[in-house]
Structure formats: C-alpha cells, structure tokens
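Asks: Following is a predicted model, sequence given first.
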Amino acid sequence: MKPSPCLWLLPLLLMISNGLQADPARIVYHLHQLKPVTLKRALNNIENLYKGLDGERPEIRMLLQGESLQLLTRERLKGANRQRLAALLQKGLVLEAGETNYRRLHDRLDPAFPARLNRNILSRLVDLQKQGYQYVTP
Amino acid sequence: MHDPKDNPEVSDELLNSFVDRQLTSEERQEILHRLKRDRALSERVCELQHLKEMTRLAYDDIPPSRLPRRPIEGPGGWPRMIAAALIFGLGLLLGMSGLPQWGSAEDRTAAPGASRDRISTKVLVHLSSADRQSALNTLGSLEQMLAEYRQRGEPVRVEVIANGDGVKLLGPDTPEIAERIAALSAEYDNLSFAACRNTIEQLQLTEGLHIRLIPQVRLIDSGVVEVIRRQKEGWAYIRG
Amino acid sequence: MFKNRFRHKKLTRELCANRHRFYKLAYSWTGDPMLADDLVQEALQKALHSFDSLKDDSKLNAWTCRILMNCHRDWLRRRKDTVDFDDYEFSAEGDPLAQASADDTSAMVRRCIARLSDKHRDVITLVDLMEFSYEEVSQALDIPIGTVMSRLCRARRQLKQLIAAASQEPAAPVTPLRSVN
C-alpha cells in the first residue's frame, strides 16, 4: 500500500509547532602536533569554515594542546600567518590552551594572541562536544 | 573612544579594554602595533591577561550545580497541549487515508549499540600516528582528566583506539608508553585500550612488521568502524 | 501566537545554555553551591515568566543578571530579618573546596575576590565569569560605560594587590559577605 502524500505534511507541522530554529554552528578545532604545515593548514581550514558557514554565525574555538601551543610564540608566529590569525580573532575565533603548558611558555608567547586557559585540555574538549561543538582536526 | 595615537602613554583603562576585547578593530590594531615595539607595554598586557585568566580559572573547579539537566519549564503549557492534540488528530485523519504497515518483525532490528550503560560521559581517544611525544602528552592529559572526574564523583568511560601508525606505539618496543598504559590501566578500570586487527595485518603484509601488543591492549576488528560507531552512539571524540 | 512561541523557545534555550555561567556568578557571590543553585533556579523561573517585559532580546543575559542580583539581595534581606547580619557567616558545608590546602591557587584567588568590595566584585565577575561586554555590564548594573571601565580598572588593581599579599602569607578562610544597601 503506497503511503499517502499527505503524510509528508506531518513533519512540517511538527516543525512549525516546535518552532525549530537554526542554532549557530559550533566548532572546536583541535591541534596537538607541531609540524611545519600545521598552522598553515589550520588557518586555511578555519578561514574556509568562516567563509562557508557565514550565514550560520559560526562559533569557532581553536584548542592548542601540548607542543602545538608553540605556534603562538613570537619566533614562530610571524608575517602573513600572524596577520591571518589576527584577522580570524577579529571574526571571533577564540584560542584556548592548557594552563600548565601556557605558563611554561608564557615568556615566549605573543601577547597579542591571548588564550583562554583550561585546567585540562581533554576535559575541555569533552565538555565542548557535550555542549554541541563539532570536533575537527587538521 | 580612546585613540591610542593621541596619548603616547597607554592608560590602564585602554589596556583593560584591549584585554577584554572591547576596542574597535582600528584601536586594537594600533595597540597590537605598539606591543611589537614596547616591551613594558607587553608586560602590562600580560599581567592583565594573567589576572583575567586567574579569575576565570578560580571558578572552573567549584562544586558542580545540582540543577536538573532538562530544560527549565516555562509557561505555555496549554498552547502546547492544544498543538499536540491538533497534530495527533491530524495524524489520525491522515492515517485513515492509508498508512503503510509497520515493518514486519524480521525488519525490526535492535538499535545498534543500544546499551544500558548509565555513564553519561564517554570519551573515545583515537591514536593514528606514531608520534611518541604526542602520545605521551595525550596519556598525561588523560590521566589528569580521569583524576578530575574521579574527584568530582562523575562517572566517565574512556576508550583509546589505535589504528594506522598508532598501533606501533602499543607494544613492548615503546617501554615509556607501555609503562604508562600499564599504570593507568591498573589505576582506572573505566579506561581501556584497543588496537585495530586490520591495521596490524596490513602492516605485516606491506611493511613486514610483526606488531606485538602489551597485555592491556585488546584486539578489535576495525578501528575506523569503532570510531564511527562510537561517535554515532554519542561518544565524545578526541584525536590523540 | 507562533511568533511568540518561537521567541519564548529561543530565549529559553539561550538561558539554559548559559545556566552554568549564572551558577558560577551566583557562587562567586555566595560561596555556597546549594544557595547558588537556589538563586539561579529562582532567577531563571522569574525570567521565563517575564519575557514580555524584556524589550530587547539582545539584552537577555544582562536582564537576567539583574534578576539574579535582585534575588540575591532579597535573600540577604530575608536573612537579615532573622539573623544578626554582622554575626552571619556563610556556611562552608557541602563545599569540600573550602577545606583546600593553603597553597591551592584557585581557592586563594576566590578568597581574594570575596574580599573585594561589592561594586568591584560585581564588575570583575560580570566581565570575567559571565564574559559580558562593557555595554552588557552597564545594562546589568545600570551604570554608565565609563563607570564600568574605571571601576573594572580599580577592581583589577585591588585584586592584584590582594593576590600578591595572599601569596606571601598563610591563607586564612574568608567568608564572602555582601552588604545590603
């Protein structure tokens, strides 16, 4: 027996009744390695995310775990990469790091790129996913 | 607003605004430009950022709220009930026009991974590279996370799954990692390790490697299938 | 009717998403997890039933903070009616962190924040815990933005001095008292 075409009205009515609205896209971008291409790939990915998700008011957080935090040191963050990261912060990108690691590298980090600190970066990754953030790595 | 160019001495108020991201992009650019040249200014900014983070972190491990997880009920009970009744009625009418039969008994399968596990936090850590330092960092962070959950009295289950080059780290040939895994497994019974059989067989065929696993690591058929399945079941996913 | 329901649903969702932040804020004032829970629950219930009085949805968080502050003030007044305020001490029961060792940085910082004046503590916690913009702080506290900036400056200066002093002396438990104006 073929389903009645009127059946398709039901989900639409349910949607209207529940008042579904799109929530902003939430993404956590996780870095944990310090390879030469890491930062460039991350910047490419995140710029593309902002471009592609423009209508969805994306909330993007970049979590730098372990040695990847060195990407924010003065000696490594220079030139075009520095400008691109600054531009992404203007768009709302939030940088995050582990507290102990951050304090260890404190003197070498570029103060123009502050990071939100966390007791434990893995716990933070779990919490963000529980809050609905989608997980992405390079 | 303040224009940093007007006054060579940058005020505390302006620096606070910079740290709190309350400046316009032009003002921010100007401060960024000055930070590159002015070491003393850099130190002031660092101090403020440090203070801000200390304040925020001070409340990161307070006793958790005991408020119920489900959303707080608001007003509007009657309109919602009426809407539900209307939809139900409409559904009945539509049903009379000919709904398909529900699938027969043989079509119904148990929901995959339908588990009676009451643990609400489940974490999958995926190891796919042979970077030893990265793996050690991940194990260190894992240990902290497990300790944190234990201190809070919150149940958590963690599974580490290795495939690709990650399986090379789970044998006796990497003693620093093997010891760490053994110690963690002994301490936490909510932590388990698994390696992908497909990868191990593949490495033997292509690279002639004979991968031995330490006793704490069990074999699973396919790492990538487990990774996908667990995420569908609502596990948090972390690349280690 | 549907438009109103959409709006209520959206506002409710946003409030629920920020509930943990309101809880941290209430905890920073009271130091008591159960009291913080009660205040947040009361404030959110009041907010949910008063959306019609919220003229600008973009000010939801600041508006809800004011409700939370009023709930706290009401609670303090009720306590004052029955307890001699000067003798009252917030209980540390149920807060195992109150027993933390003297060198626990978080507990030390919380003690220092508790020692700030109400005005300084309000502005620092709204900016750093609620992550409010200065505009939102101005709305929540009903003060001009210039006052927010100068107060925040002085608050951080004072907090820095308190932390520096506390780092050098053995910690003493400090009860987070709040005055009723």
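Replies: Here it is on my side, so go on. Residues are numbered from 1 along each chain as shown, chains lettered A, B, ... in the order given.

Asks: got the contact list for A:Y102?
Replies: For A:Y102, the contact set (CB atoms under 8 Å, 6 or more residues apart in numbering or on different chains) comprises A:69, A:109, A:115, A:117. Every residue, glycine included, has its C-beta placed from N, CA and C.

Asks: Out of the residues you listed, flag the one nearest to chain C.
Replies: A:L117 (11.8 Å; CB to the nearest CB).

Asks: And the most centrally placed residue in chain C, what's its pLDDT?
Replies: For chain C, the residue nearest the mean C-alpha position is C:L25 (3.4 Å; CA atoms, centre = their mean). If you check C:L25, the pLDDT there is 94.

Asks: was I right about it contacting C:I124?
Replies: No: judged on CB atoms under 8 Å, C:L25 makes no contact with C:I124 at a distance of 10.9 Å.

Asks: how about the helices in chain B?
Replies: Ranges of helices in chain B, per DSSP state H, are B:12-19, B:25-37, B:39-58, B:77-96, B:132-152, B:175-187, B:197-207, B:223-232.

Asks: so which of those is the most packed in?
Replies: Among those, the stretch with the highest mean neighbour count (mean count of other CB atoms under 10 Å in any protein chain shown) is helix B:12-19, at a mean of 21.

Asks: just to revisit the earlier point, now for the helices of chain B, which one comes closest to C:W29?
Replies: C:W29 lies closest, by CB to CB, to one member of the helices of chain B: helix B:39-58, at 13.6 Å.

Asks: Determine the angle, from 0 to 180 degrees, between that closest one and helix B:12-19.
Replies: Angle, helix B:39-58 to helix B:12-19, by axes from the mean of the first three to the mean of the last three CA atoms, to 10 degrees: 60 degrees.

Asks: any idea of the mean pLDDT in helix B:39-58?
Replies: Mean predicted lDDT for helix B:39-58 stands at 90.

Asks: Who are the packing partners of the longest helix belonging to chain A?
Replies: The longest helix of chain A (DSSP H) is helix A:38-52. Packing partners of helix A:38-52 (3 or more CB pairs under 8 Å, 6 or more residues apart in numbering or on different chains; DSSP states H and E): strand A:26-31, strand A:59-64, helix A:79-91.

Asks: which of the contacts of A:Y102 are close to chain C?
Replies: Applying CB under 8 Å from any CB of the partner chain, the subset of those adjacent to chain C is empty.

Asks: now the residues you listed as a markdown table including neighbour count?
Replies: Putting the contacts of A:Y102 into a markdown table (neighbours: other CB atoms under 10 Å in any protein chain shown) gives the following:
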| residue | neighbour count |
| --- | --- |
| A:L69 | 25 |
| A:L109 | 22 |
| A:A115 | 21 |
| A:L117 | 23 |
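
Asks: Going by distance to chain B, which of these wins?
Replies: A:L117 (4.6 Å).

Asks: Quick check: that closest one vs B:E207, distance?
Replies: Distance, A:L117 to B:E207, using CB to CB, to the nearest Å: 41 Å.

Asks: swap in C:L162?
Replies: 61 Å.

Asks: Please apply the same query to B:R239.
Replies: Distance, B:R239 to B:E207, by CB to CB: 23 Å.

Asks: Equivalent analysis for B:V45, please.
Replies: 51 Å.

Asks: now C:R151
Replies: Counting by CB to CB, the gap from C:R151 to B:E207 is 65 Å.

Asks: C:Q161 now?
Replies: 62 Å.

Asks: residue ranges with poor pLDDT in the chain?
Replies: No chain was given, so I picked chain A. Confidence mapping of chain A against pLDDT under 70 gives the ranges A:1-23.

Asks: Wait, chain C was what I had in mind.
Replies: For chain C, the ranges with pLDDT under 70 are C:1, C:80-103, C:169-181.
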